[in-house]
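[1] Let me see the structure of the following:
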Amino acid sequence: MEEEENAEDPEFYMGLESHFGANNYHPVPVVINKAKGVWVWDVRGNKYLDCLAAYSAVNQGHLHPKIVKAAKEQLKRVSLTSRAFYNDKMAPFLKKLCQFTGMEMALPMNSGAEAVETGIKLARRWGYFKKKIPENQAEIIVAENNFHGRTTTIVSFSTSGISSKGFGPETPGFITIPFNDPKALKNAITKNTVAFLVEPIQGEAGVIVPNEGYLKEVQKICALNDVLLILDEIQTGFGRTGKNFAFQHENAKPDVLLVGKALSGGISPVSAALSSRDIMSVFTPGSHGSTFGGNPFACEVGVAAIEVVEEEHLADRAAKLGAYFLNELKILEKKSKIVREVRGKGLLIAVEFEDTINDCRFVVQALMKKGILVKETHGNIVRFAPPLVITKKELRWAAKVVVETILSFNTGQD
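    Numbering: from 1, shown residues only. The predicted structure is shown next:
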């Protein structure tokens, strides 16, 4: 077969994908065929440190033994029943997830975007049923430079042209305000406002960390105005920022919490919207659902993924190792001629290059050649988010390589 003859040729796979696949991504030119922990290997056997962690979906590391074991055992029993019937795995999963997050009820879905859509539907229905807003008048406030997913509704309130252009007409009912601006939130609220949907740290925007106290302030504003605070922790959750959830840095518990990505440790798409019993009561049979949402395979994987975060103290690891890694990279602000800022929280860190650099892909590819995989965002920002199981020794090596590689561009050396 053609695939067998070209098994170690990355150009073959990239060409095949280009021919048969839609051109909706611009991947780094590496073809991965094996992964374990924080490391991945390409088809030629080259080894790389994964510093993206599938956009924080593998906080527990690639193919964590405990999660893989749970998946294998469940596949011997049953993978899917649909919600037409009960299964013996969803209830324990919901209990575990609610206890871990501190929320009362959860609605399981698959992708992060589905969790966000669930949050939007929940807020609107709550607005009509509980707050008594006139039908079809509900407004949800969002932040500039947000990234909440790719559905038609979600891209309608994206301020990223590349995500939204050509997909109109836009879904109405959303008001956009600047991020990290409590006063703007207060001024934007009207009698028809049902929710403020926001990321505690804007990941896709380039790891934009708000001022200390921001979440606590917006929580207070929402409470005073009978507006739901919806936090999208799909990327920041499960230990990534140095707490199990980013809102815990300020004890700013939301009314609705959206989770996904690392909820499965990279084994299967698992997401959920969580809230109070009172708010979640607006959902009734037939009002919302998903064929795969809450399937026994995903639920068993989800329980194991949460247990790994707990048992291996991944949030504490992210806090300590993230502070170390950030401090090591901060030297670039002083010594590099092309770095503008290094910022982050926990093991979610970004290096932003000067505005004169419109495309920092050359940095990404230089790091790839040195054995580190990252990805650029917004043209001039590189994000670092390795699996939280990374060791200090591995992180020390990564920091050394990153600093040396970026500083090499001071003199134009490759």
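[2] low pLDDT regions in the protein?
    Within the chain, the segments meeting pLDDT under 70 span 1, 412-414.
[3] May I see the buried residues of the lengthiest helix in it?
    Secondary structure of the chain per DSSP state H: the longest helix is helix 112-129. Applying a neighbour-count criterion of 16 or more other C-beta atoms under 10 Å, one finds 112-128 buried in helix 112-129. Placement of C-beta: from N, CA and C, glycine included.
[4] That helix: what's the following helix or strand?
    strand 139-143 (DSSP states H and E).
[5] got a list of contacts for the next helix or strand along the chain from that following strand?
    Note on strand 139-143: by DSSP H and E, the next helix or strand toward the C-terminus is helix 152-156. Outside helix 152-156, the residues that touch it by C-beta atoms under 8 Å, 6 or more residues apart in numbering are 113, 116-117, 120, 148-149, 163-164, 167-168, 170-172, 174.
[6] Just to check, Ala399 is in contact with Ile331?
    No. Between Ala399 and Ile331 there is no contact under C-beta atoms under 8 Å: 9.1 Å.
[7] Which one of these two is surrounded by more residues?
    Ala399 (18 against 15; other C-beta atoms under 10 Å).
[8] And the helix or strand hosting that one, what does it pack against?
    In this assignment (DSSP H and E), Ala399 forms part of helix 392-407. Secondary-structure packing of helix 392-407 (3 or more C-beta pairs under 8 Å, 6 or more residues apart in numbering; DSSP states H and E): strand 47-50, helix 314-329, helix 331-335, helix 361-369, strand 372-373.
[9] In it, which residues are buried?
    In helix 392-407, counting by 16+ other C-beta under 10 Å, buried: 394-395, 398-399, 401-403, 405-407.
[10] And for stretch 3-14?
    For stretch 3-14, by 16+ other C-beta under 10 Å, it's 10, 12-13.
[11] which residue is nearest the middle of the chain?
    Nearest to the mean C-alpha position of the chain, by C-alpha atoms, centre = their mean, lies Gln235 at 2.0 Å.
[12] Tell me the secondary structure at that one.
    With DSSP: H, G, I helix; E, B strand; the rest coil as the basis, Gln235 sits in coil.
[13] what's it in contact with, if anything?
    Gln235 neighbours (C-beta under 8 Å, 6+ apart): 55-56, 112, 199, 203-204, 261, 348.
[14] quick one: the helices in the stretch 201-350 of the chain?
    214-224, 277-280, 296-311, 314-329, 331-335 (DSSP state H, counting those that start in this stretch).
[15] Quick one: neighbours of His148, just the number.
    His148, neighbours per other C-beta under 10 Å, totals 27.
[16] Leaving out chain neighbours, which residue sits closest to it?
    Leaving aside its chain neighbours, His148 sits nearest to Val116 (4.6 Å; criterion: C-beta to C-beta, 6 or more residues apart in numbering).
[17] you'd agree that neighbour is up against Val259?
    No. Using C-beta under 8 Å, Val116 is not in contact with Val259; the gap is 10.7 Å.
[18] Would you mind listing the residues touching both of those two?
    Ile234.
[19] sorry, back to before: deepest-packed of the helices of the stretch 201-350 of the chain, please.
    Sort these by mean neighbour count, taking mean count of other C-beta atoms under 10 Å, and helix 296-311 sits at the top with a mean of 23.
[20] what packs against that one?
    Helix 296-311 packs on helix 65-75, helix 90-101, going by 3+ C-beta pairs under 8 Å, 6+ apart.
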